[in-house]
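In: quick one, what's the 3D model for this:
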Amino acid sequence: MHTIGSFDTLTQPYYSHFVSSLDNAKRGRILWIVSFMVLLASPLGIVLGNWLSSHGMIALSVGIVAVFLFSATVISASKDFGSIVLAPGALNDNEDDDD
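Out: Take a look at the predicted model:
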């Protein structure tokens, strides 16, 4: 269960940036599509993972790595999401002052 939480720390900044970049008039429709895709991803991942695991652990491992590499490539190539910094301490000095 800890694995799911660690992935949330990576995806939440991207999702928050995505939501804030949407046009207010279209936000509901676009988020409905995103929610549908997220809900559809779980059963598709289970089916694909089951099929890959039937070919052995090496095929399953290569498949998982391929999905993450593809995702990282798409995100880093994006003009909107490629500039988001997830490094600790990356806030500007003005943002973390409590004065």
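In: for the helix or strand containing Phe36, buried residues please.
Out: Element membership for Phe36, per DSSP states H and E: helix 27-53. Residues Leu52 are the ones in helix 27-53 that count as buried (16 or more other C-beta atoms under 10 Å). For glycine as for every other residue, the C-beta is placed from the backbone atoms N, C-alpha and C.
In: which helices and strands does that helix pack with?
Out: On a contact count with 3 or more C-beta pairs under 8 Å, 6 or more residues apart in numbering; DSSP states H and E, helix 27-53 meets helix 2-20, helix 57-77.
In: now mean neighbour count, mean pLDDT and distance to Ser35 too, for those, in a markdown table please.
Out: Shown next, in a markdown table, are the helices and strands packed on helix 27-53 (neighbours: other C-beta atoms under 10 Å; pLDDT from 0 to 100; distance: least, C-beta to C-beta, whole Å):
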| stretch | mean neighbour count | mean pLDDT | distance to Ser35 |
| --- | --- | --- | --- |
| helix 2-20 | 10 | 68 | 11 |
| helix 57-77 | 12 | 85 | 18 |
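In: in CSV: these, plus distance to Trp32.
Out: Rendered in CSV, the data for these read as follows (distance: least, C-beta to C-beta, whole Å):
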stretch, distance to Trp32
helix 2-20, 13
helix 57-77, 21
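In: I'd like to know which of the ones you listed is closest to Val34.
Out: In terms of C-beta to C-beta, the element of the helices and strands packed on helix 27-53 nearest to Val34 is helix 2-20, at 7.8 Å.
In: can you give me the separation between Ile30 and Phe18?
Out: Ile30 sits 9 Å away from Phe18, going by C-beta to C-beta, to the nearest Å.
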